[in-house]
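Visitor: Build the 3D model from these lines:
(6 chains)
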There are 6 protein chains.
Amino acid sequence: MAEDTHTPDIIRPPQEIVDGLREVGAATCGGELKKLGIVDPTIGGPTAFTPGKVVAGPALTLQFLPIREDVYNQDEYSGPERQLHRHALYHTQPGDVICVDARGDMKSGVFGNMMLTFFQGRGGQGVIIDGCIRDFPIVKRDLDIGLWLKGVTPNFHTQTNIYPYAVNVPIGMNDTLVMPGDIIVADDDGVVAVPAKLGAELLDLASQHAEWEEFSRQKLLEGGHLKRYYPLSDEARPEYEEWKKQRG
Amino acid sequence: MAEDTHTPDIIRPPQEIVDGLREVGAATCGGELKKLGIVDPTIGGPTAFTPGKVVAGPALTLQFLPIREDVYNQDEYSGPERQLHRHALYHTQPGDVICVDARGDMKSGVFGNMMLTFFQGRGGQGVIIDGCIRDFPIVKRDLDIGLWLKGVTPNFHTQTNIYPYAVNVPIGMNDTLVMPGDIIVADDDGVVAVPAKLGAELLDLASQHAEWEEFSRQKLLEGGHLKRYYPLSDEARPEYEEWKKQRG
Amino acid sequence: MAEDTHTPDIIRPPQEIVDGLREVGAATCGGELKKLGIVDPTIGGPTAFTPGKVVAGPALTLQFLPIREDVYNQDEYSGPERQLHRHALYHTQPGDVICVDARGDMKSGVFGNMMLTFFQGRGGQGVIIDGCIRDFPIVKRDLDIGLWLKGVTPNFHTQTNIYPYAVNVPIGMNDTLVMPGDIIVADDDGVVAVPAKLGAELLDLASQHAEWEEFSRQKLLEGGHLKRYYPLSDEARPEYEEWKKQRG
Amino acid sequence: MAEDTHTPDIIRPPQEIVDGLREVGAATCGGELKKLGIVDPTIGGPTAFTPGKVVAGPALTLQFLPIREDVYNQDEYSGPERQLHRHALYHTQPGDVICVDARGDMKSGVFGNMMLTFFQGRGGQGVIIDGCIRDFPIVKRDLDIGLWLKGVTPNFHTQTNIYPYAVNVPIGMNDTLVMPGDIIVADDDGVVAVPAKLGAELLDLASQHAEWEEFSRQKLLEGGHLKRYYPLSDEARPEYEEWKKQRG
Amino acid sequence: MAEDTHTPDIIRPPQEIVDGLREVGAATCGGELKKLGIVDPTIGGPTAFTPGKVVAGPALTLQFLPIREDVYNQDEYSGPERQLHRHALYHTQPGDVICVDARGDMKSGVFGNMMLTFFQGRGGQGVIIDGCIRDFPIVKRDLDIGLWLKGVTPNFHTQTNIYPYAVNVPIGMNDTLVMPGDIIVADDDGVVAVPAKLGAELLDLASQHAEWEEFSRQKLLEGGHLKRYYPLSDEARPEYEEWKKQRG
Amino acid sequence: MAEDTHTPDIIRPPQEIVDGLREVGAATCGGELKKLGIVDPTIGGPTAFTPGKVVAGPALTLQFLPIREDVYNQDEYSGPERQLHRHALYHTQPGDVICVDARGDMKSGVFGNMMLTFFQGRGGQGVIIDGCIRDFPIVKRDLDIGLWLKGVTPNFHTQTNIYPYAVNVPIGMNDTLVMPGDIIVADDDGVVAVPAKLGAELLDLASQHAEWEEFSRQKLLEGGHLKRYYPLSDEARPEYEEWKKQRG
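Guide: Reported below is the predicted structural model:
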C-alpha cells in the first residue's frame, strides 16, 4: 500500500518469530529480554481494553505533537489526505500493530470507528496508544482488534491539544522507546516492544523454559513448598522424573 | 420536590432533544459541539463503571469544598437535613443526571447505597462524579443507574477531606464547566456536557451525518481503502448509489 | 511454616471476628472505624482486579525499597532463598492476606504465577499490592485468590527499581499504615485495614445496624422520600412496624 | 468601595488581632490551630515569591471556574466591568489579602501588573493564588506587596482554561477551605488561614509560649542536649532561673 | 559552523525583530499572540534559573527519546561525535537560544559545564530545557547565559532514561510546540515561542500599547480607581492630557 | 551520644574521604558512580534551600510512616522522648548529615527551629528531606546548616499524615536507596548518596580528571570548538602543552 503515501514503510520480521513470541506471551518476553540486556522493554501506561486478546506483530508507529494554530488548525474531516494518522494506517498489512505516541493525552481520541474499521479491514490486529481512542462503544461491539490504551474519550483526534506529525519514526511511549518494525507482544499483562534483531534469540531463550515448571505448578497448587518445587530442588527431582514417566 | 429544600431547582430541556442526543451518543455530541464553538465539552476523569449504559438527561449539580473543622465537623448520619448532598437528590425528577464536583478526591464516597437507591426510586438515571461512591458491590448488584466515576471507596462522603457545599450552581469537574440544566450525554466513551441552549442545534447537526457512512463502513471492513470510502470519494459514489438501490 | 524462614511471623486474630468482618464488608468497616477513631483506614490506590471477590484475613506484610546496585543486583531466579518476597509467602496460613508496600511502582511485577500458585496452595486468599503483579492472564485463568492491585505488568519483581527488603514489619501503603496482623477486609469497594485490637468492637458496632434499613431501602426504591425513610422518621415508624409484622 | 460592585464585601477582624498574629508568624499559628481543632489550616501549593515578606490580613476571595465558550469567551481587555477579578479588587481596604482559587492552573496569570498596582494603591498587602500571576519582572521591581503563588506565566488571566466566577464566597485552595474574612498569615514558611472567630483565642494561646524557649535555644546552639533543654527539664530549671536573673 | 555536522541548520529571523521582541518581554508577547490566533504560546514547565535575565533569539531545537540498550548504551564521554546534543550546539550563532525536549525528565542533566561553556563561547544566550542541566554551581558562578529549566541534577545527560535523538526538528516541550527558528522570548515570567512568520506583526501589535498606560499606572499606585484609569476612561482623559502636557 | 537512645548508631567513614568528596562535588560524584556500577545515586526531589552550601558527611537516617490513630495520636510536644525524630538527632556528631524519608509529604514539617538548632549545636552540617521543614524564616536567619528539601510548611512534624518510625535503617528517598552511613554529597546540583565502601575508589576515580580540562574550558569560553578541545584532540595537544609550559 506504500504507493498511497509519502511516508516510509517498515521492515517486517519473519512470521514464525512473530507467531512464536505470541505463544510466549508478554511476561516471558519482558523477563527474558532483561537477560538480553534490555532492562525495561514494557510500554507503561496503556492497559488492555479488550481483555483476553493476545497480539503479536510488527510496529507501525505514529508520533503526535502539540497543536499550534499557525501549524495545525484543522477540523475533524478537513483535508483528510493531509492528516498523517490516516497515512500511518495506509501501511497496514495483515498482522500489523499500530503504536502511537499521543503524548499521554487524555483529551483527544487518536482513532475513531471508521479508522479502526479500515485498520481491521486491512488485517491490522492491535492498537497501542499512549492516549485514547473514541467511539469505543461501537468498536467494542463491531470490531475484533486488540486495544491497549490509557483511556477512551468522546473527543476526536485533534479536538484539543495534539496533531499527528510523523509516521514510522522512532517514538517514545511513556518511558519506552518503540522503533518502527519492533515486534510488539501484548496481552492482559500489558505491552512489550521486542527489538526486531533480538526476536530470534528471544524466542530461543524463551522456549528453554524448564519442562519441570508444569510439574512444579501442580505441586505448588496442592500445597507443595516453594523451596522444594520452585526452582525444582535436587530432592524433588526423582519425584518429578516419576511424574514424567506416569504422564507418558 | 422543590418544597423539600431551600436549594434552587434547574430548568429541564425538552424531552425530545434529550432523547435525540441519547441516540447520537457522546462521541458525536462531543465532536459536533466543537463545530458549534465548544472546544472541549468532555468531562475528563470519570469513566464508565456500568459498561454498556447510555444515559442522557439534565444536570443537577453538587459542589464539594475542603472540610475545615470549624465549618463542618459532622458524622456520617448526624443532622441529615443539614447535609447538602441529600438536598441535591431531593430535586431528582425522572431522567435526571447528578453531576458532582468532588474535587477529584479519591478518599471519600460521595454517595452510598441508600442515597443512590433513593435517586433511582425518584427516576434518576445517571451519576457523574469527579471522585468516588461507596457501597459499589451493592449498587452494582441491586440498582440500575449509570455510573461514571473516578473510583470507588469504602469511606463515606465526609470521612476525610470534603463536604457538600452547594446545590445547582455552576461547577468545575476536572477541567470542564458544568452548568445546572446542561444536557449530560454519557456512554462507554465518557461524558459530554451539552449547553442546554445548544441542544436543538446540536441534534440537528448530528443527524446530518452522511447516509453513506453505513456503506463506507461495510466497505472498509471488507478491506476497502480509506481514500475511496472515507469520506466517500466521487469515484465511489456510483458504487454507493448502486448499493443503496440494492438495499431498497 | 515459621521454620522455613528467619523472618518473624504474625499473630492471627480469632477466626469468628475475621468471618464476621467479611460479612460486614469494607464500606461498613471503613465507616464504623471512623467512629472508633481511625479517620481513614482505607488503603488507597489498589483496586479490585478480581471483581466480586470478598476477602477478610490477617495481614502478612512485605516492604520493598529502591534498588541500588551495590545492595541488590540480582536476576529473577538467582539465589531464590535470599529473596524476601519468597519468605513473606512462607508464612502463609489458610485465610491469610499478603499486603505489599511496592512504593506505588508500576514497572515491577511483585509476584508472578508460580509465587501466587504457592500462595493459593498454602491457603492464602488475598493479595493487596501498592503496585503490580505479572502473569495476570494465567493467574486470572487458573487461580482463585482475590487481587487488589494498582496494575499488572510483564516485568518481574526486581526488573526495574525495587527489591523486597523486609517481612512482617509495619508498612505504608500509599497514605495508610498497615501493621502485620491487621485484619484486612477487601471487596469491590476497595481495601480496609482493621487494627486487630479493634476487631471485636468494630464487629459489635457494625452489627448494630438498624433493622429498619432493609425496610427503608425497599421504600426508597419504590420512590419513598429520604426524609421519611432514611434515617427512619417517627412518622414512618408505624408503617415500619406494620411491615415487620407482615413479614413475620 | 462597595458601591463599585454588586459583589459582597467581607467583615474585617479587629486590627490588634491581625497585628498580633503577624508577630506570631505562620508556623506558630498553624501549630497552635491544631490544638484548637483545625487539623490542617495550611494552604498547600503556593510558596513565597517575595522572600522575607510577612503578611497578615483579612481574606478577600475570588473563585475561578473552567472556561466554556458559550459562557465566557472574552479577550483580555473586553468588557472590563464584567470581569470579576476586577471586582474582587474593588473591595480592597488597607491591609487586605486577596486569596484566589485558580484551580491550580499553571497556564493563566490571574493578575498582571496593572491590577496589582491598583491593589497596592488601595492598601492591599498580600496575594495568595493557587495558580499564577503574570508581569512578575515588573511587579518584583516596582511593587511592594507579598506574593504567595504556585508560579508565574506570560499568559493573561483568561488566556487558556479559567475565568473569574465569584467574589467573596468560600473557596477551596488546594485541599484547604478559605472563608471570606479569614485572617491570612503568610511568611516564608507558607500560608495559614485562621478562622476569624478563632483569632483572639489563637493569639492568646500563641503568646503563652514558654519564656524559657529563648534560653533553651541558646543552650542548644552551644551544644546543649535536647533532653535537658527542650522542653526545659526540671534539672535545667535552676540553670534557667540563674540565666534569667543574670539577664535582668 | 554547518560544516561540522550532518544535522540541519535553522533560518534566523531579522535581528531588529528579535531585538524588538526582547524589549516587549514575554508577557506582552504571550498576550498579544493570542490576538494573532496562537492560544497558548507559553512553554510551561521550565522556570527562570537566572533571575533577571531577559533573552530573545532564534530556537535551535534538540529532541531526546527514551534510552533502549540496543539503540543507545553509551558512557558519558564515549564516541562524542555520535552524541547529538553536541551537534545541536555546533549550530550556535551569536544570540541563539537552544530549546530541548528532554521529556520532562528530572533524572538526567542535558548539558554540563563544558557544553554550556562552548555554547557561551559561540555566542549562545539562552537555554530552555523541559528537564535539567548539571554542574549548576559552576555554571552559575562562571557563565553568563540565561537558563530556563525544570531543575538541576548531578547526573549527566544519558545517565538514566533519555538520549539525544534529533536536531532542529519540531519538538514538543510540555504541551507546547516549538519549531526550529521560532523566536524565543524569555524572562522571569517564563518562556514564549513566537512563530517566526508572526514576529513582525507581533512586534507591530505590541508597540501599539496605549501611551496612557504609564499615566494610569502612576495613578493606580496613588490609589486611583481601576474604573477610571484602566483602561483609561473618558472622564480621566482630560486629566491624562494635562499630565502629558506637564511632562513635555 | 549513643547512651541517650535505644536506636542504633552508624559507622562513619574516614574523614579524608569525606573531605575529598566534598571537593569533588555532587555532579562528578554522581557521574563517576555510574562507572562504578551505581546507575542513579541521585536523591531526586529535594532541592537546595540554602544556595551555595556544599556539604559532605555520613548519613543518619530517619523513616516516617503514615499516621494511624491507634498507633500514633500525639501532640507536638507530648511525650517527647517517645518521638523518634528526636532520637535520630541524638546520634549527631560533627559533620553528620541527616536524611529523612518523609514519604514526599508536603503537609508536615519534619523538623522545626529547636530541633535544627540542637542539630547545629551538635555539629550537624546538612539536612536532606523528602518532604518539608517548618520555621524556615528563623532557620534561614539564625542557623548555618545546609538544607535540601522538597518544601517548607507552617505545620509541625505530625500535624497531618506522618510520624517518625525508625532511626538508622535503610530508607527509600523518592526512587533512591539511602543506607545509614552512606556518604552524602550535596550542593546546588542536588544530593548524591555515595555507598561508604565505594568512597575511596570514587575519590580516586574522580581525581583522575584530565588536567587539560581547565585549558579546554578557557578555550571553549574564547569560542574554541568542542571537537578540538573537548575531549582534547590530538591536534590541540601541542597547543595545550605550550599553555602548560607558559603557566609554569
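
Visitor: any idea how far residue A:71 lies from chain B?
Guide: Separation of residue A:71 from chain B (Cβ to the nearest Cβ, to the nearest Å): 17 Å. All C-beta atoms are positioned from the backbone trio N, CA, C, and that covers glycine.

Visitor: which residues does that residue contact?
Guide: Remark: with contacts taken as Cβ atoms under 8 Å, 6 or more residues apart in numbering or on different chains, residue A:71 is in contact with A:163, E:170, E:177, E:179, E:195.

Visitor: Just the ones in strands from these, please.
Guide: In strands, defined here by DSSP state E, the members of the contacts of residue A:71 are A:163, E:177.

Visitor: Nearest to residue D:184, out of the contacts of residue A:71: which one, please.
Guide: Nearest to residue D:184 among the contacts of residue A:71, counting by Cβ to Cβ, is residue E:177 at 39.2 Å.

Visitor: how close does that closest one sit to residue E:41?
Guide: Look at residue E:177 and residue E:41: by Cβ to Cβ, to the nearest Å, they are 9 Å apart.

Visitor: any residues in contact with both of those two?
Guide: Overlap between the neighbourhoods of residue E:177 and residue E:41 consists of A:68, E:193, taking contacts as Cβ under 8 Å, 6+ apart.

Visitor: more crowded one of the two?
Guide: Of the pair residue E:177 and residue E:41, residue E:41 is the one with more neighbours under other Cβ atoms under 10 Å in any protein chain shown, namely 31 against 26.

Visitor: Isn't the more buried one up against residue E:194?
Guide: Yes. The pair residue E:41 / residue E:194 is scored as a contact, 6.7 Å apart, by Cβ atoms under 8 Å.

Visitor: joint contacts of those two?
Guide: Counting by Cβ under 8 Å, 6+ apart, the common neighbours of residue E:41 and residue E:194 are E:29, E:33.

Visitor: quick one: the strands in chain A?
Guide: Listed from the start of the chain, chain A has strands (DSSP E) covering A:47-48, A:55-66, A:97-101, A:126-129, A:132-133, A:146-149, A:151-152, A:162-167, A:171-173, A:176-178, A:183-187, A:190-194.

Visitor: hmm, the fourth one touching chain E?
Guide: No. Applying Cβ under 8 Å from any Cβ of the partner chain, one finds strand A:126-129 separated from chain E by no less than 15.0 Å.

Visitor: List the contacts of that strand.
Guide: Residues external to strand A:126-129 that are found in contact with it (Cβ under 8 Å, 6+ apart): A:43, A:46, A:53, A:55, A:57, A:59, A:96-100, A:102, A:110-111, A:116, A:119, A:133, A:145-150, A:173, A:184, A:186, A:191.

Visitor: what about burial for those, which qualify?
Guide: Neighbour-count burial within the contacts of strand A:126-129 applies to A:43, A:46, A:53, A:55, A:57, A:59, A:96-100, A:102, A:110-111, A:116, A:119, A:133, A:145-150, A:173, A:184, A:186, A:191; the criterion is 16 or more other Cβ atoms under 10 Å in any protein chain shown.

Visitor: re earlier: what's the most distant pair in the contacts of residue A:71?
Guide: Comparing all pairs in those by Cβ to Cβ, the longest separation belongs to A:163 and E:195, at 15.2 Å.

Visitor: the more surrounded of these two?
Guide: Set side by side, residue A:163 and residue E:195 show more neighbours around residue E:195, with 23 against 20, by other Cβ under 10 Å.

Visitor: picking that back up, quick one, which of the strands of chain A is nearest to residue E:211?
Guide: Minimum separation from residue E:211 across the strands of chain A (Cβ to Cβ) falls at strand A:55-66, 36.4 Å.

Visitor: Tell me if the closest one is near chain C.
Guide: No. Strand A:55-66 is not in contact with chain C by Cβ under 8 Å from any Cβ; minimum separation 12.3 Å.

Visitor: residues touching residue A:186, list them.
Guide: When the contact criterion is Cβ under 8 Å, 6+ apart, the partners of residue A:186 are A:26, A:48, A:53, A:54, A:55, A:56, A:97, A:126, A:128, A:146, A:148, A:192.

Visitor: Closest one to residue C:233 out of those residues, please.
Guide: The nearest member of the contacts of residue A:186 to residue C:233, counting by Cβ to Cβ, is residue A:48 at 48.6 Å.

Visitor: Residues of chain A that sit close to chain C?
Guide: Applying the criterion Cβ under 8 Å from any Cβ, the portion of chain A that neighbours chain C consists of A:25-27, A:29-31, A:34-35, A:39-40, A:42, A:44, A:47, A:52, A:54, A:187-192, A:213, A:216-217, A:219-227, A:230-231.

Visitor: For the nearest residue to residue A:122 once chain neighbours are set aside, give its distance to residue A:85.
Guide: The spatially closest residue to residue A:122, leaving aside those adjacent along the chain, is residue A:92, at 3.9 Å (Cβ to Cβ, 6 or more residues apart in numbering or on different chains). Residue A:92 sits 12 Å away from residue A:85 when distances are taken as Cβ to Cβ.

Visitor: How many neighbouring residues does the closest residue in space to residue A:44 that isn't next to it in sequence have?
Guide: Of all residues beyond its chain neighbours, the one nearest residue A:44 is residue A:174 (4.5 Å), with distances taken as Cβ to Cβ, 6+ apart. Neighbourhood size, residue A:174 [other Cβ under 10 Å]: 19.

Visitor: ok, now which ones touch residue A:174?
Guide: A:43, A:44, A:45, A:104, A:130.

Visitor: May I ask which two of those residues are separated the most?
Guide: Within the contacts of residue A:174, A:43 and A:104 form the most distant pair, 11.7 Å apart (Cβ to Cβ).

Visitor: Residue A:125 against residue A:97, yeah?
Guide: Yes. Using Cβ under 8 Å, residue A:125 is in contact with residue A:97, at 6.4 Å.

Visitor: so what's in contact with the two at the same time?
Guide: Here residue A:125 and residue A:97 have A:55, A:57 as joint contacts, going by Cβ under 8 Å, 6+ apart.

Visitor: Where does pLDDT dip in chain A?
Guide: Filtered on pLDDT under 70, chain A yields the residue ranges A:1-3, A:74-78.
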